[in-house]
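**Q** Need coordinates for the following:
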Amino acid sequence: MSIAESVAKASAYLTDHPEEARYRDSSARASLESGLVVTVSGSGGESLRTDMPPGIGGTATAPSPGWFLRAAEASCVASLIAIRAAAVGVALGSVEVEVDSESDDRGILGLDPEIPAGALSTRVMVAIDAPGLDRPALEELVRWAVEHCPVTETVSRSVPLEIEFR
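**A** Next comes the predicted model:
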């Protein structure tokens, strides 16, 4: 089944069954290995490792959690560009998405309560080849993808956070 067919089928189903659209996402479980190296696993066998940079006590043997966040944003936007293009009948040549952010390390270290621990800003840069699409149409396609990407949409708003102790 093509991307366009899958999107049309999912859209029709959720339109007819809106009560099935909302669900709890699968969890990610992190286990501290040693130092600042962490292994993260999912219920479907997914796995990744993180580490922090040496300047904060890590060994940089794996990407940092923040890099994985930027990677999630970039890959999600690229996927949503492909999904939207397929849904509206746009043929894509190439799509490259790069995401960076600006941070202030004083926040993660708790040195100034006014400085957030997370990114101060995020930038999404897109290079896209879609033959026959003019600049305004390309920009509309990219804006739609960024606005509907679950990762970029989530980080762009305040999301309730619950903490449970087990």
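
**Q** hang on, residue 80 packs against residue 145?
**A** Yes - counting by C-beta atoms under 8 Å, residue 80 touches residue 145, with 3.7 Å between them. C-beta coordinates here come from the backbone N, C-alpha and C atoms, glycine included.

**Q** quick one, helices of this structure?
**A** Ranges of helices in the chain, per DSSP state H, are 3-16, 65-88, 105-108, 135-148, 150-155.

**Q** Just the residues contacting the shortest one, thanks.
**A** Applying C-beta atoms under 8 Å, 6 or more residues apart in numbering, the set of residues contacting helix 105-108 from outside is 55, 56, 112, 115, 116, 117, 118.

**Q** Apply 6 Å and report the result again.
**A** The contact list for helix 105-108 (C-beta atoms under 6 Å, 6 or more residues apart in numbering) reads 112, 115, 116, 117.

**Q** Grab the nearest non-local neighbour of the last one.
**A** Just to be clear, that refers to residue 117. What sits nearest to residue 117 in space, not counting adjacent residues and going by C-beta to C-beta, 6 or more residues apart in numbering, is residue 107, at 4.2 Å.

**Q** and the one you found, how many neighbours does it have?
**A** Other residues near residue 107 number 17, with proximity taken as other C-beta atoms under 10 Å.

**Q** all numbers from here: first residue = 28
**A** Okay, using 28 as the starting number, the last item reads as residue 134.

**Q** now it: how far from residue 141?
**A** 9 Å (C-beta to C-beta, to the nearest Å).

**Q** Need the pLDDT of the residue nearest to residue 144.
**A** We have a pLDDT of 95 for residue 134.

**Q** Got the domain ranges for this structure?
**A** By the assignment in automatic domain parsing, the chain contains the domains 51-90, 91-185.

**Q** looking at these, which is buried most?
**A** domain 91-185 (a mean of 15; mean count of other C-beta atoms under 10 Å).
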